[in-house]
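# Need coordinates for the following:
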Amino acid sequence: MKKLSFDLRVYPGSLLGFGSTFLTSLSAINHALEKDIELYINILNHTYTSSENNWDIVFEQPFGITAAEADSLEKCTDWDLGESVYSYHGDTRSKFQNNEFVDKQRKIFKDYVKPKKEIQKTVNEFLKPYKDKKILGIHKRGRDHFTSGHASGEGHKVSLNYVRGIIDKYINDYDYIYLTSDESEVYQFLSESYQEKFLFYDDKTEWGDNESGLHALNTSAESKIQMIRDICVEVLILSKCDRMLLMNSNISHMGLFFSNTNDFEFYDTHVNYH
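Numbers count the residues shown, from 1 in each chain. This is a model prediction of the structure:
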């Protein structure tokens, strides 16, 4: 079987954020399986760190290839393998609401996208006090990306009051509401709205501003690496919720693929992002 090193390099200013880089790698895994290829995934996202493989920070290598072995392998990019499975454009939403597509990617996640043991341990420790409790999970993307929450120059199209209205449709059937978000105002609003029912993985020492998001913080490389771990933990906690309220955003998409539940909905389908 042919082995290749899949190298994905992301530089500051690129459209590829945290979720995009990992789903681009998932796209590469899809193509590799179709072509009977084994890949070593090497993500160097210079927005976060210039030296550490972002994939290795949170996941095991999908085919068990070591970094030492990868040094001698032929390098390839997503363009060498085929067109991306995903898109920034209008077809993205329809794909992620297609059950056949979701089921296929969930199987690939189960077999090839395995979180590091320390990441999974953190998730288990967070959820331990809520064993046998029903949790409603929601992802609220901030204003740092024009396709997720607002159109360029138009302010929020997914208001906090609208989000609360969506949650209120279900909250009486759940013991807790779990939020993942990159905006402090979302945390503040929902924590005040749901008080003792509100859950949040609050391991962030800093919040991003509402224009650029967490990924553009001028922090140390160590802080940014920890941020990658924290985001992965948040995604995995979201995936364990009994029902998920999602956005057209790659953090939501990753949570969907890690999850086993079919109780989910995209609550921003009323937004015309284009």
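
# Quick check: neighbours of the strand or helix carrying Ser5 in the sheet, parallel or antiparallel?
Per DSSP states H and E: Ser5 is located in strand 2-10. Partners of strand 2-10 in the sheet, by DSSP bridges, are strand 37-45 (parallel), strand 74-76 (parallel).

# List the contacts of the helix or strand just after that strand.
Next along the chain after strand 2-10, taking DSSP H and E as the criterion, comes helix 18-34. Surrounding helix 18-34, the residues in contact under the criterion C-beta atoms under 8 Å, 6 or more residues apart in numbering are 4, 6, 8, 10, 16, 37-39, 41, 43, 45, 48, 54-55, 62-63, 78, 81-82, 84-86, 105, 108-109, 112-113, 215, 228, 231, 249-251, 253-254, 257. For the C-beta atoms, the positions are set from N, CA and C on the backbone; glycine is no exception.

# Write the ChimeraX selection for whichever of those residues are buried.
Of those, the buried ones can be selected in ChimeraX as follows, counting by 16 or more other C-beta atoms under 10 Å:
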select :4,6,8,10,16,37,38,39,41,43,45,48,54,55,62,63,78,81,84,85,86,105,109,112,113,215,228,231,249,250,251,253,254,257
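
# Give the closest residue to Tyr194 in space, chain neighbours not counted.
Nearest non-adjacent residue to Tyr194, counting by C-beta to C-beta, 6 or more residues apart in numbering: Ile177, 5.1 Å away.

# Show me what the helix or strand where the one you found lies is packed up against.
Using DSSP H and E, Ile177 sits within strand 176-181. Counting contacts by 3 or more C-beta pairs under 8 Å, 6 or more residues apart in numbering; DSSP states H and E, strand 176-181 is packed against strand 135-140, helix 184-194, strand 198-200, helix 221-239.

# From the chain's centroid, how far away is stretch 229-244?
The chain centroid and the centroid of stretch 229-244 are separated by 9 Å under C-alpha atoms, centre = their mean, to the nearest Å.

# Run through who's touching the strand holding Ile177.
Taking C-beta under 8 Å, 6+ apart as the rule, strand 176-181 contacts 130, 133-142, 167, 171, 186-187, 190, 194, 197-201, 234-235, 237-238, 241, 251, 255.

# Which among the residues you listed count as buried?
Counted by 16+ other C-beta under 10 Å, the contacts of strand 176-181 give 135-142, 167, 171, 186-187, 190, 194, 197, 199-201, 234-235, 237-238, 241, 251, 255 as buried.

# circling back: by how many degrees do the strand holding Ile177 and helix 184-194 diverge?
Interaxial angle, strand 176-181 versus helix 184-194 (axes from the mean of the first three to the mean of the last three C-alpha atoms, to 10 degrees): 170 degrees.

# what's the offset of strand 176-181 from the middle of its chain?
14 Å.
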